[in-house]
Structures are given as structure tokens and as C-alpha cells.
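Undergrad: got a sequence here, can you build the structure:
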Amino acid sequence: MRYLRCLFVLLPAAALLAGCGEGFPDEEMHLGLDAKVRPYAVVIEPPEAAPGDTVQVTLYARAPRPDDLDITWRVALDFDRGLYEVDEVERNLRALAVPPPVFDADGFLTQTFRWVVPDSTLLYSSAIPEVPDDPALPAIVALLPGLDTSAPLRKDEIDAWLKAHDIYDVLAMDLPTVNATWALADRFACAVRLRATLRTDVVVDVTRNLTIRYTRQMGGPNGNVNTYVPRFEVVAVEKRDAAAVDIYAEGVAHTIYRFIDDGERLADRVDVPLHDDWTYFFRSAFVTQNYSSPWDPAFFSSEAGNYDWYYYRQDAPTSEHAFFVTDDGDAAEMWNLDEHVRVVPDGPGSTFRVVCVVRDSRIEWVSFHATPGTALVEGIVSFQAP
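TA: This next block holds a predicted model:
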């Protein structure tokens, strides 16, 4: 059997999906357009963990031929992006035993498993030198009792000190020691890389990085959690060729059909009346965290983020009708899409299953192996004659 190979990478900084040119069509959002396996998210809960913690990993994909699909997983305990993030290496590879995926009637799959972060993961990582070269560390560790500050400061000494402390120890510290403890935990970090290989007649690799550090164990304010989506809905604007700004314009009537409101799931499917002179949008949102800069702990920023949108047409899965369009009405590319997505129904009865994947990012922390938090929501909209 001839295999084509593609790589879907869940990038920790930009948090985008990327695919090889031979394996997927340009319409990367259309999950039913061809017969290939289409992964679209890997969610890890929590998105960062300390050595010894347990995380839950879930792969999301659509597979048109479930019986032909084989999925294997492995983790690289020694993962390094390299200088300037262009020379990635994966070493110390471990195969993972995981349960089989679960499929629904549309061929969408989820595969969930739990994984325990090995206790010595930070020591395995070549991304942290044996003698850490972070220039801020000497000033930080000078404030920490029981940590040998004599040169050279070794990473096994730092790991042992952090491993021996928890939130209860932090609560008993004075403020300068607390801040130094959190700063050390934030900066003493690496990432591991989880990889799923999905095999049919095409081989697709999906990777997702996981940040390893002690910040959450220490109760640090920079601990990352997965974002969530408090709003997910269809907006019908009573205007021909409306733009997203018209949703908020005075004098322009619109109706909202909600899947999620204020974080509460209200419906899995909505039926929307179809009018030739109306314009339709999907609208989403995500919740951000505040975090401090690694260069100035007193300076706080709010997370950035991006939206990745996908759809599957239930009534005509292989239809080439472009459902997502720009405000100008042109077929959209993934990079065109944000929290508002204009959609074009394909007549009465056209029914679309829409998925929105949201990822946050902390660009200042990329050099300290920050990986994004992720949320995923979906809903089915059916357009009906009024």
C-alpha cells in the first residue's frame, strides 16, 4: 500500500493547524469534502502540568472510514525547539497505550486517555541545560532558603528544591520569597511533545505540546488553564450582504439563535428561517487570563487568541458549496476567520455541523515553553423555509 504522509501541528506559539500541500485541499475548514482523515484539535486538561501530575488528552477528528483507521500515540520526553525554534528534536520516545476512539454517525471521533507526567521529565529535557543559562536565575535563587546559590547552579538542584515545596509551603513564606518561588517555577520549564499517527491510505501525524513546570503546584498566578467559550450562536441579520459590524449597528434588526449563552449549553441544534435578503453569521467568544511578563513581573497582559472554524454538511457531505465566506462574500480561508464568521446557506434544508476551536497564547513566554490553552464547541444549524 502506498502511503502519503501529512503533518498537522498544533503550534504552541501561533496555535494554528498546518497541513502539507499534497494531503489536504485548500478548503481546509470543510470536513466532508474528501475521504481523508481530518484531525482538528488535541485538547489537554490541564494545558500545563508538574512532574508526577496526571493530564487528560483528547484527540478530535473526522474519519470517513472508521473501520480503516489505525491510531497510535507516542510522547517525546526530550523535546526541544532548538535555537530560534527552527531545529526541533524529539528524543526519549515512549509509546502510549490508549483506548480506541469513539465515533458518531457523522464519522467524528474522539479519543481520550490519561497520562502521568514522569517524575524526572524536567531532568530529561535537553531544552534546559545541566547548568541553566537563564541570566535571571542567580538573583531569583538568592532569595530562596535551602537552595545552594554557589556556582554552578545545576538543574537537578533546582528541580529537587521545587519538588520539595507546594502551595502550603508558599503560604508560609514572606512576600519576597513567594515572588521568587513563583518566578523560579515559571521559568524552570520544558515541554513534551505528544504525537498521534492516524493511518488509512494516507498517514497523518498530529502533534501537541504540553508545558511542564511547577507553577500550578506552587499556586503561581501565571499558571495556565484551558480557555472556555461563554458564547456560541447564529446571528441572522435582516439586511442583504451585511458585514459583522452590522450586528451591532443601530436600526439593523437581527435575531440570535443560541447554542451557548453565558457558558450554559442551551441547544445542540437550531433551525433558522432562510430569507434571500438576510445575512447569516456564526459568533463565538473566549475567556482570557491575565499573566505577568517574564521580564517585568509587575506588568500584566491579557492573553491573545485565535479561532479555527470547521464545518461538515450533514445533508450533502461532499458538496463543494462554500459555507464560510468573507464579509465581501468570497470563499474564506482559515486565516480570514475570527470571532464572527459570515456563512452562506445552500437553500432550504441545508444543514451544517459547525466546530469552533479556540486557542489562547502568551507570546512573551514562548521561549519558556508556553503552550496554549484550548476550547472546542460545536453546534448544528439547519436552514428552513420561513
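Undergrad: could you give the mean pLDDT of stretch 189-206?
TA: The predicted model assigns stretch 189-206 a mean pLDDT of 94.
Undergrad: then it to CSV, C-alphas only?
TA: Presented in CSV, the C-alpha positions along stretch 189-206 are these (Å, rounded to 0.1, in the frame of the first residue of the first chain):
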residue,chain,number,x,y,z
ALA,A,189,10.1,24.8,32.3
CYS,A,190,10.2,22.5,29.4
ALA,A,191,7.7,20.9,27.0
VAL,A,192,7.0,17.4,26.0
ARG,A,193,5.5,16.5,22.6
LEU,A,194,2.6,14.1,22.2
ARG,A,195,2.2,12.7,18.7
ALA,A,196,-0.8,10.7,17.3
THR,A,197,-0.3,8.9,14.0
LEU,A,198,-3.5,8.3,12.1
ARG,A,199,-3.2,5.7,9.3
THR,A,200,-5.5,4.9,6.4
ASP,A,201,-4.3,5.1,2.8
VAL,A,202,-2.9,8.5,4.0
VAL,A,203,-0.7,8.8,7.1
VAL,A,204,-1.5,11.9,9.2
ASP,A,205,0.6,13.0,12.2
VAL,A,206,-0.9,15.3,14.8
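Undergrad: going by neighbour count, list what's buried in that stretch.
TA: Across stretch 189-206, burial judged by 16 or more other C-beta atoms under 10 Å covers 189-196, 198-200, 202-206. For every residue, glycine as well, the C-beta is placed using N, CA and C.
Undergrad: phi, psi for Thr181 please.
TA: Main-chain torsions, Thr181, degrees, to the nearest 10: phi -60, psi -50.
Undergrad: next, Trp161: phi, psi?
TA: phi -70, psi -50.
Undergrad: what's the helix or strand for the residue lying closest to it once chain neighbours are set aside?
TA: Of all residues not flanking Trp161 in the chain, Leu147 sits nearest, at 4.7 Å (C-beta to C-beta, 6 or more residues apart in numbering). Under DSSP states H and E, no helix or strand contains Leu147.
Undergrad: go on, Ala160?
TA: Here Ala160, judged by DSSP H and E, is contained in helix 155-163.
Undergrad: following the chain onward from that helix, which element is next?
TA: Using DSSP H and E, the helix or strand that follows helix 155-163 in sequence is helix 167-171.
Undergrad: and that following helix, what does it pack against?
TA: Applying 3 or more C-beta pairs under 8 Å, 6 or more residues apart in numbering; DSSP states H and E, one finds that helix 167-171 makes contact with helix 175-187.
Undergrad: name the residues of the helix holding Ala160 that are buried.
TA: 155, 157-159, 161-163.
Undergrad: contacting residues around it?
TA: With contacts defined as C-beta atoms under 8 Å, 6 or more residues apart in numbering, helix 155-163 is touched by 51, 120, 122-123, 128-132, 137, 141, 144, 146-148, 184-185, 188, 214, 217-218.
Undergrad: residue contacts, Thr149?
TA: Thr149 neighbours (C-beta under 8 Å, 6+ apart): 138, 141-142.
Undergrad: now, of the residues you listed, which are buried?
TA: Val141.
Undergrad: residue at max distance from the center of this protein?
TA: Ser150 (40.2 Å; C-alpha atoms, centre = their mean).
Undergrad: tell me the SS of that residue?
TA: Assigned with DSSP: H, G, I helix; E, B strand; the rest coil, Ser150 falls in the coil class.
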